[in-house]
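In: I'll drop the sequence and a predicted model, then ask my questions.
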Amino acid sequence: MHDSLTPLSGFVLLFNMCVGEVIFGGVGAGLITLLVNAVLTMFIVGLMIGRSPEFLAKKLEPFEMLMAVICVLATPMSVLIFGCIAVVTSTGLSSLNNLGPHGISEILYAFASTSGNNGSAFAGLNAGTVFYTLTTSLSMLVGRLTTIIPVLAIAGSLAKKKFVPVGSATFTTDVPLFVWLLIGVVVLVGGLTYFPVLTLGPILEHFFMGMGKTF
Amino acid sequence: MGVLKQGFIIFIIFSVLTGIIYPVFITTIVQLVMKDKANGSFIKLNGRIIGSELIGQKFTSSKYFHGRPSAIDYSGNISGASNLGPTSRKLIELTGSEINKVKVRNNLAPDVKIPADLVLSSASGLDPHISLQSALLQVSRVASERGVAREDLVKLVVKNTEKPQLGFLGEERVNVLKLNLELDYR
């Protein structure tokens, strides 16, 4: 019944999944994504204050950053690439229950949910076809494994490192400034990655709905 | 070996806790405190279960009040919606034909406004309620079909109206199955 939602309500669902379920209550690896975003934030803070970045008193080095970037980029890549394939092939389009921008929302939701959430869909999309069975299960594998493996690698690598003593120049994670920076990173990373496709889906649909245009 | 043993013991403890103790505890409490609700809020007639007050049923005879349209035709073993978005042409057409149906059935003038709940299907397809306005709109039809006074029926509808929970959650609504039961057996 998600399909019956107005465009902006659907947008909120999509956005929450696209930023990696970082808001608690999401089904999936929400804490993982949030921790990885925190690592990214500390990296950016490190660049800004000209110190090698630290997180929880452990030094962040190229290996951790590589893993964090894989974690943050792999899911969107899987969602967008599979989504693109679905949008440009007639097999992908033939499953749609709604045409126009709402159709893009249906496809985006299916892949965003299989990659990062519980694998539900805007129920109108007929995901029982060979095409969607294969693509959604692949996107499920990519979404799960590229989140869990890199983050375990980060954990293992950080566990082996020595503690860095807290100094006067250490940027700690228990201050409001960190919270704002973290929110900024989450919104920018998720927003910039998905903004184009969200514009073509729910945002465009919202304006069409206001104009009374139907498909 | 230590880790395996620990893991095994925790597995056993949680299997018993979440698989046996918790469900038995909760089941016992609800069966003692709210048996009727826990079992599905069934409605009985002469000792026979004829429905649940939480699951809508389909009424087609014009002697009864009608519920909302259902994308799954009130099939009780599934639930589902139309899954048509707000810019769907099919949704507009469907709703238009529902509006016509309601107008023809109830002998309404073409320019009468129909409450939305009476022409749009619900998310589950099993909504047991209609709004008070939707019920009042059907009063004339039911009254003439049954040959009873309109005022009596309005009273019956008002009597069967449920208030919003806590005064602000939801709207005033009428349970269609209960209302129709009262029509037949009052």
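Out: Now that the structure is in, tell me what you want to look at.
In: give the contact list for residue 139.
Out: Just going to use chain A. Listed by C-beta atoms under 8 Å, 6 or more residues apart in numbering or on different chains, the contact partners of A:S139 are A:78-79, A:82, A:111, A:114-115. Placement of C-beta: from N, CA and C, glycine included.
In: chain B was what I was after
Out: Contacts of B:V139 by C-beta under 8 Å, 6+ apart are B:150, B:153-154, B:157.
In: list phi and psi for it.
Out: phi -60, psi -50 (degrees, to the nearest 10).
In: any idea how far it is from B:F59?
Out: The gap separating B:V139 from B:F59 is 15 Å, by C-beta to C-beta, to the nearest Å.
In: ok, and the closest non-adjacent residue to the spatially most central residue of chain B?
Out: Closest residue to the average C-alpha location of chain B: B:P128 at 1.7 Å, with C-alpha atoms, centre = their mean. Among residues not flanking B:P128 along the chain, B:G56 sits closest, at 4.2 Å (C-beta to C-beta, 6 or more residues apart in numbering or on different chains).
In: confirm the one you found sits in a helix?
Out: No: counting by DSSP: H, G, I helix; E, B strand; the rest coil, B:G56 is not part of a helix but coil.
In: next, count neighbours for the closest residue to B:N106 other than its chain neighbours.
Out: Spatial nearest neighbour of B:N106, excluding adjacent residues (C-beta to C-beta, 6+ apart): B:R141 at 4.8 Å. B:R141: 19 surrounding residues under other C-beta atoms under 10 Å in any protein chain shown.
In: where does B:R141 sit: helix, strand or coil?
Out: Here B:R141 is helix, with the state taken from three-state DSSP.
In: surely it meets B:V104?
Out: No: between B:R141 and B:V104 there is no contact under C-beta atoms under 8 Å: 10.7 Å.
In: quick one: end-to-end length of stretch B:80-99, please.
Out: This stretch, stretch B:80-99, spans 21 Å end to end (C-alpha to C-alpha, to the nearest Å).
In: list the contacts of it.
Out: A:1, A:3-7, A:10, A:97-102, A:105, A:122-124, A:205, A:208-209, A:213-215, B:69, B:71-72, B:114, B:118-125.
In: let's go with 7 Å and repeat that
Out: Residues outside stretch B:80-99 that contact it (C-beta atoms under 7 Å, 6 or more residues apart in numbering or on different chains): A:1, A:3-4, A:6-7, A:97-98, A:100, A:102, A:123-124, A:205, A:208-209, A:213-215, B:69, B:71-72, B:114, B:119-121, B:123, B:125.
In: and A:K213, what element?
Out: Per DSSP states H and E, A:K213 falls between elements, in no helix or strand.
In: may I have the secondary structure class of the nearest residue to it once chain neighbours are set aside?
Out: Spatial nearest neighbour of A:K213, excluding adjacent residues (C-beta to C-beta, 6+ apart): B:T87 at 6.5 Å. Under the three-state scheme (three-state DSSP), B:T87 adopts coil.
In: roughly how far does B:T87 sit from A:T170?
Out: 52 Å.
In: give me the more crowded residue out of these two.
Out: Legend: neighbour count by other C-beta under 10 Å for B:T87 and A:T170, higher for B:T87 (25 against 13).
In: can you tell me how far the more buried one sits from A:G50?
Out: B:T87 is 51 Å from A:G50, by C-beta to C-beta.
In: ok, A:R144 next?
Out: In terms of C-beta to C-beta, A:R144 sits 37 Å off from A:G50.
In: who has more neighbours out of the two?
Out: A:R144 (16 against 7).
In: need the pLDDT of that one.
Out: What the model reports for A:R144 is a pLDDT of 88.
In: can you report phi and psi for it?
Out: phi -70, psi -60.
In: list the contacts for A:P202?
Out: A:P202 neighbours (C-beta under 7 Å, 6+ apart): A:7-8, A:10-11, A:14, A:105.
In: actually, A:I85.
Out: A:I85 sits next to A:92, A:135 when contact means C-beta under 7 Å, 6+ apart.
In: averaged pLDDT, the helix or strand containing it. What do you get?
Out: Under the criterion DSSP H and E, the helix or strand holding A:I85 is helix A:62-88. Taken as a whole, helix A:62-88 carries a mean pLDDT of 93.
In: same check, this time on stretch B:6-24
Out: Averaged across stretch B:6-24, the pLDDT comes to 96.
In: by neighbours, which of the contacts of A:P202 wins?
Out: Neighbour tally across the contacts of A:P202 (other C-beta under 10 Å): the maximum, 32 neighbours, falls on A:S105.
In: how close does it sit to A:F55?
Out: In terms of C-beta to C-beta, A:S105 sits 36 Å off from A:F55.
In: what does B:R173 give?
Out: Applying C-beta to C-beta, the value for B:R173 to A:F55 is 53 Å.
In: and B:I78, by the same measure?
Out: 48 Å.
In: contacts for the strand or helix carrying B:L181?
Out: For B:L181, the host element (DSSP H and E) is helix B:176-185. Residues from elsewhere that reach helix B:176-185 (C-beta under 7 Å, 6+ apart): B:43, B:51, B:53, B:56-57, B:59, B:64-65, B:67, B:128-130, B:135, B:156-157, B:160.
In: so which of these are in helices?
Out: B:135, B:156-157 (DSSP state H).
In: and chain A, which of the residues you listed reach it?
Out: Here nothing survives when these are matched to chain A using C-beta under 7 Å from any C-beta of the partner chain.
In: among those, which one sits closest to chain A?
Out: B:A135 (23.7 Å; C-beta to the nearest C-beta).
In: what is the burial count for that closest one?
Out: Neighbour number of B:A135 under other C-beta under 10 Å is 28.
In: how about it, nearest residue that isn't a chain neighbour?
Out: Per C-beta to C-beta, 6+ apart, closest to B:A135 is B:V174, 4.3 Å.
In: swap in A:E64?
Out: A:I154 (5.1 Å).
In: show me what counts as buried in the helix or strand encompassing that neighbour.
Out: Taking DSSP H and E as the definition, A:I154 sits inside helix A:130-160. Across helix A:130-160, burial judged by 16 or more other C-beta atoms under 10 Å in any protein chain shown covers A:131-132, A:135-136, A:139-140, A:142-144, A:146-147, A:150-151, A:153-154, A:158.
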